[in-house]
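[1] Kindly generate the corresponding structure for this input.
(2 chains)
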Amino acid sequence: MIADAIKGQISHVLESLGYGGTIFVVEHPAEMTHGDYSTNAALLVAKEAGGDPRELAKRLVSEISKALPEEIDKVEVADAGFINFFLSRKFFTDSLKTTLEQGEKFGKTASLVGKKAMVEYTDPNPFKEFHIGHLMSNTIGEAISRLVEWSGAEVRRACYQGDVGIHVAKAVAEKLSSGAEWSASADVARSYTEGSRKYEEDVSFREFANEVNRKIYAGGDRDVHGAYDLGKKLTLEHFEKMYKTLGTKFDFYFFESRSAPFGKKLVEERIGDIFEESDGAIVFRGERHDAKLHTRVFLTKDKLPTYEAKELGLAKIKYDLYPYDLSIVITGNEVSDYFKVVLKAMELVFPDLAKKTNHISHGMLRLPTGKMSSRTGEVVSAEWLIEEAKRKVNEKIEASDREIADKNALAEQVAVAAIKYSILKQSPGKDIIFDFDKSLSFEGDSGPYLQYTHARANSILEKANEASISPSAGDNFPETEMERLLYRFPEIVERAEKEFAPNIVVTFLVELAGSFNHFYAQEQIVDVGDKNSPHKVALSVAVRNVLKNGLKILGISAPERM
RNA sequence: GCCCCUGUAGUUCAAUGGAUAGAAUGCGAGAUUGCGGAUCUCGUGAUUCAGGUUCGAAUCCUGACGGGGGCGCCA
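    Now for the predicted structure:
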């Protein structure tokens, strides 16, 4: 790595001047005009040893310049004492060759080679709507899964679903008491909403639903289980359809009906040791281990396991099925505080598993009117959102005269890209105020912009092929902004994976796409009379590859034409 | 009341303690029938407030104000 070479060179010079041991950084400056790498070494040395940082920087530069590697074109002192390094044409030409050679593998790293990872995300509950919150979890989870895969790990995707509990009973009770027909998942979700309303308003319905709840747990009632099986089947089928549209394929499905009894057993075995009785319930005193934590109930006074007990059991169930080195659980941030308590309890029950577990929380997709609730029916379903986006995309497709083989498939690809991009472009953990028109853009900083740029590059490459111009990295053409970005792609992927932050990839790709579109507007790429044309085509191939690979990591499709 | 997260152009988002706070959108002005105008170029406009730490703060610390979430038997 050239960054390491620069760092080594600086260390060497510092030592020879008697300033060894200073801890400095070598990084990409925010501004391209400040070079490709920059160091604050002079500032730090001046602070410790005294003196003028600018003068010191000049001395360092003159020393460094004595043995400049051929990958470095020039070194400059800037501003208060920063030292900026500019890479040479040779470096960019070599990097471009590497990018072309590695093709679809360019961007892969080995930081997690040999590791097994399990990523849990989406987690929709049967009998309820698959709404835009699930869409958010799915999008982030899929991107993180792929980032971990690109780092060399073997990844298994897991989905955890609440198929038992009062929410299920409300839907089933509503069907049994009203005789509602269930032929699609939306019917089931509607019964859930209606059942929830009655549960709060009608005492006799509430008693009936509670009775149904007990029967679901106990088994044996034909009517109850007939409705239960039908509702579960219909909603799960719908979820599968959504996963297909979104590009997710789960390896494991976990259900609460399984984690519940196991979690209960784990807690009961450790009463008096880790857990204790309080007002008839079994609780964990989080505050005894960490002042920021609080007490949470693991078993209710009816000895039913809560979310916390189930989660504890789930960690072990997962491990027994797939002995992971890394377990990533992605949820909305409303459960962040519970998860901290669960993790603390897990440290005591399964210390090895707790160390391997990472909780990543994302913000909520909020409506301008406030919080979304499937209980009151104030939800935006994922299906509706995708259909609306498709309608908007179709208008654009119909208006264009380009030949598209399967317009419906393309509309879906572009619509999903727009939605996923709007979720992935921001750093995880923050809420998104969801406003359809504002969130879903097809222009500028958007998913379709990246797809468009990819398709455009692809089209240029077809033209180059027709003109028999094959890509070849040359060293006559001045370096472009694209080249100054392209070689950074693997480090971008690595940082995004370490921070579980897909938005780092998004920001990079949109910057790269912008630099390519700028280049495109200024240069004729395919030109048989231009001896630099093969080089420009090579640049186009590299950009096309990185966009393709980057979009793949994000879980966004890259159509060949659009 | 207590705990956690959070406050950046009109709006939606960026910015590993670093340099002139970047994009997009909106608004205004433009791009020779030149490889895809879902594009490109120019202009406009922001760190909630008050202290502190630091050579250097949107970023770290303290306080005020605003927003969101959570505070034992739902998840």
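[2] Show me the domain layout of chain A.
    A:2-87, A:121-366, A:383-554 (automatic domain parsing).
[3] got JSON lines for the ones you listed, with mean neighbour count and distance to residue A:108 too?
    For every residue, glycine as well, the C-beta is placed using N, CA and C. JSON lines is the format used below for the domains of chain A (neighbours: other C-beta atoms under 10 Å; distance: least, C-beta to C-beta, whole Å):
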{"stretch": "domain A:2-87", "mean neighbour count": "16", "distance to residue A:108": "19"}
{"stretch": "domain A:121-366", "mean neighbour count": "19", "distance to residue A:108": "5"}
{"stretch": "domain A:383-554", "mean neighbour count": "18", "distance to residue A:108": "7"}
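[4] my read: residue A:65 touches residue A:75, true?
    Yes - the pair residue A:65 / residue A:75 is scored as a contact, 5.9 Å apart, by C-beta atoms under 8 Å.
[5] per-residue confidence at residue A:374?
    Note on residue A:374: pLDDT of 58.
[6] Repeat that for the one 10 residues further on.
    Residue A:384 carries a pLDDT value of 89.
[7] Apart from its neighbours in sequence, what residue is nearest residue A:343?
    residue A:354 (5.8 Å; C-beta to C-beta, 6 or more residues apart in numbering).
[8] Surely that neighbour touches residue A:341?
    No - the criterion here is C-beta under 8 Å, and residue A:354 misses it with residue A:341 at 12.0 Å.
[9] Could you check the pLDDT of the residue of chain A found nearest RNA strand B?
    Residue nearest to RNA strand B within chain A: residue A:444 (1.8 Å; C-beta to the nearest atom of the strand). Note for residue A:444: predicted pLDDT of 91.
[10] Quick one: classify it as helix, strand or coil.
    Under DSSP: H, G, I helix; E, B strand; the rest coil, residue A:444 falls in the coil class.
[11] And it, its phi and psi?
    phi 60, psi -140 (degrees, to the nearest 10).
[12] Enumerate the residues of the stretch 1-150 of chain A near RNA strand B.
    A:25, A:27-31, A:33-35, A:38, A:40, A:43-44, A:47, A:53, A:78-80, A:82, A:84, A:125 (C-beta under 7 Å from any atom of the strand).
[13] in chain A, what spans have low per-residue confidence?
    For chain A, the stretches flagged by pLDDT under 70 are A:367-378, A:434-435, A:437-439.
[14] What are the boundaries of the strands in it?
    A:26-27, A:37-39, A:72-78, A:82-87, A:116-120, A:154-161, A:252-255, A:276-278, A:281-285, A:295-299, A:326-332, A:357-362, A:365-366, A:432-433 (DSSP state E).
[15] Tabulate the ones you listed (TSV), appending distance to residue A:540.
    Shown next, in TSV, are those (distance: least, C-beta to C-beta, whole Å):
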stretch	distance to residue A:540
strand A:26-27	29
strand A:37-39	26
strand A:72-78	24
strand A:82-87	21
strand A:116-120	34
strand A:154-161	32
strand A:252-255	41
strand A:276-278	66
strand A:281-285	58
strand A:295-299	56
strand A:326-332	36
strand A:357-362	35
strand A:365-366	37
strand A:432-433	34
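[16] List the contacts of residue A:478.
    By C-beta atoms under 8 Å, 6 or more residues apart in numbering, the contact set of residue A:478 is residue A:89.
[17] and what of the one 3 residues further on?
    With contacts taken as C-beta under 8 Å, 6+ apart, residue A:481 has the following neighbours: A:32, A:515, A:518, A:519.
[18] And for residue A:64?
    Contacts of residue A:64 by C-beta under 8 Å, 6+ apart are A:9, A:10, A:13, A:75, A:83.
[19] measure the second one to residue A:71 for me?
    Going back to what we said before, that points to residue A:10. Distance from residue A:10 to residue A:71, counting by C-beta to C-beta, to the nearest Å: 15 Å.
[20] Tell me where the stretch 251-400 of chain A has helices.
    Counting by DSSP state H, counting those that start in this stretch, the segments of the stretch 251-400 of chain A that form helices are A:256-268, A:307-321, A:336-349, A:351-356, A:382-399.
[21] closest to residue A:488 out of those helices?
    Of all the helices of the stretch 251-400 of chain A, it is helix A:351-356 that lies closest to residue A:488, at 30.2 Å by C-beta to C-beta.
[22] what's the closest one packed up against?
    For helix A:351-356, the packing partners by 3 or more C-beta pairs under 8 Å, 6 or more residues apart in numbering; DSSP states H and E come out as helix A:307-321, strand A:326-332, helix A:336-349.
[23] How about residues contacting it?
    A:315, A:316, A:319, A:324, A:325, A:326, A:327, A:343, A:346, A:347.
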